[in-house]
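A.B. asks: this is a predicted model, with the sequence first.
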Amino acid sequence: MARIFLALSLFSVVLLVASIVIGFSTGDFNGVWQQDRDAYRQWQDAEKAGSPGRDELRDKYFEIDKSFRPLSQRKTVHFLLGLVASLVAVLVNSITVTYFIGTSRWCREVVDRYGLDSALAERSNTLKRKTFPWSLGGIMVVLVIVALGALADPSAWPFERSAEWVTPHLLAATIGTALIAWSFLIQVGNIGANYEVIEQILTEVHRIRAARGLDNDTVA
């Protein structure tokens with residue numbers, strides 16, 4: 001299980017890092033977006049007023065829009081990849097929560113049924129309590145990054161001060177990805193330790209069942 005979780009964690013971190021890199025490639029998206037919008041409004045106002053300079057304003061808008069389109073496309077890729085990366089990060093952290101809920105309960109039930117040392121079940125429960133803050137914290141970090149990303153996106157809704165949130169979003173994404181990666185390492189270690197507890201319990205159960213002449217194919 002630890003190796004599977006490690007692979008999922010690496011995949012999640014790679015997606016987060018790739019999203020950050022593509023975000024860098026968008027350049028000054030907010031600034032060019034503002035120029036594009038202002039140029040379009042000036043052109044449309046001139047068209048409605050029948051201004052003699054409307055052709056020049058149209059050409060100016062098309063020139064700005066030509067440079068804006070590649071940034072807009074990269075921004076769309078950044079958005080979609082960031083969305084996928086966020087969902088994967090939440091999923092991986094949720095797997096840890098689900099895993100410890102199930103295994104800690106299994107440990108307690110098996111220890112009680114076979115009269116094993118209660119320290120084994122308590123150790124699994126302790127690992128669960130140590131891991132939950134990291135997995136839940138990772139989910140919260142993802143939510144913060146996503147929220148700041150929405151605030152930094154001027155095309156999401158009419159938000160004149162979106163450029164002020166670009167740097168906070170970048171810092172949150174960079175630092176947050178590092179924190180998420182660190183939390184994954186801790187979770188991998190605790191999952192490995194919990195696996196060792198499960199192996200100890202199974203070893204004891206197999207010994208007891210063999211002494212009683214019972215089948216060891218199932219432990220229940």
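C.D. replies: Sure, I can see it.
A.B. asks: drop to CA atoms for contacts and neighbour counts, all remaining ones
C.D. replies: OK.
A.B. asks: buried residues in stretch 146-157?
C.D. replies: For stretch 146-157, the buried set under the neighbour-count rule, 16 or more other CA atoms under 10 Å, comprises 146, 148-154.
A.B. asks: return the residues in contact with residue 61.
C.D. replies: By CA atoms under 8 Å, 6 or more residues apart in numbering, the contact list for residue 61 reads 36, 39-40, 43.
A.B. asks: between these, which is closest to residue 114?
C.D. replies: residue 36 (72.0 Å; CA to CA).
A.B. asks: what strand or helix carries that closest one?
C.D. replies: Assigned by DSSP states H and E, residue 36 belongs to helix 29-49.
A.B. asks: buried residues in stretch 110-125?
C.D. replies: Residues 110-111, 116, 120-125 are the ones in stretch 110-125 that count as buried (16+ other CA under 10 Å).
A.B. asks: nope, stretch 15-34 is what I was after
C.D. replies: Neighbour count says stretch 15-34 has 15-20, 22-23, 26, 29-30, 32-34 buried, by 16+ other CA under 10 Å.
A.B. asks: same deal with stretch 162-178?
C.D. replies: Across stretch 162-178, burial judged by 16+ other CA under 10 Å covers 162-163, 165-166, 168-170, 172-173, 176-177.
A.B. asks: dump the buried residues of stretch 110-125 into a markdown table; add secondary structure, distance to residue 81 and pLDDT as well.
C.D. replies: Converted to a markdown table, the buried residues of stretch 110-125 look like this (DSSP: H, G, I helix; E, B strand; the rest coil; distance: CA to CA, whole Å; pLDDT from 0 to 100):
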| residue | secondary structure | distance to residue 81 | pLDDT |
| --- | --- | --- | --- |
| 110 | helix | 43 | 92 |
| 111 | helix | 45 | 91 |
| 116 | coil | 48 | 89 |
| 120 | helix | 42 | 90 |
| 121 | helix | 41 | 92 |
| 122 | helix | 41 | 94 |
| 123 | helix | 39 | 94 |
| 124 | helix | 36 | 93 |
| 125 | helix | 36 | 93 |
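A.B. asks: in the residues you listed, find the pair that's most separated.
C.D. replies: It's 116 and 125 that sit farthest apart of the buried residues of stretch 110-125, by CA to CA, at 15.2 Å.
A.B. asks: how many residues are close by residue 90?
C.D. replies: 20 (other CA atoms under 10 Å).
A.B. asks: the residue nearest to it when sequence neighbours are not counted - how many residues pack around it?
C.D. replies: Nearest residue to residue 90 in three dimensions, chain neighbours excluded: residue 139, at 5.3 Å (CA to CA, 6 or more residues apart in numbering). For residue 139, the neighbour count with other CA under 10 Å is 20.
A.B. asks: so what's residue 139 up against?
C.D. replies: 89-90, 93.
A.B. asks: mind listing residues that contact the helix or strand of the chain with the lowest mean pLDDT?
C.D. replies: Taking mean pLDDT, DSSP states H and E as the measure, the helix or strand of the chain with the lowest value is helix 29-49, at a mean of 84. For helix 29-49, the surrounding residues in contact (CA under 8 Å, 6+ apart) are 52-54, 57-58, 60-61, 64-65, 68, 71-72, 75, 153-154, 162-163.
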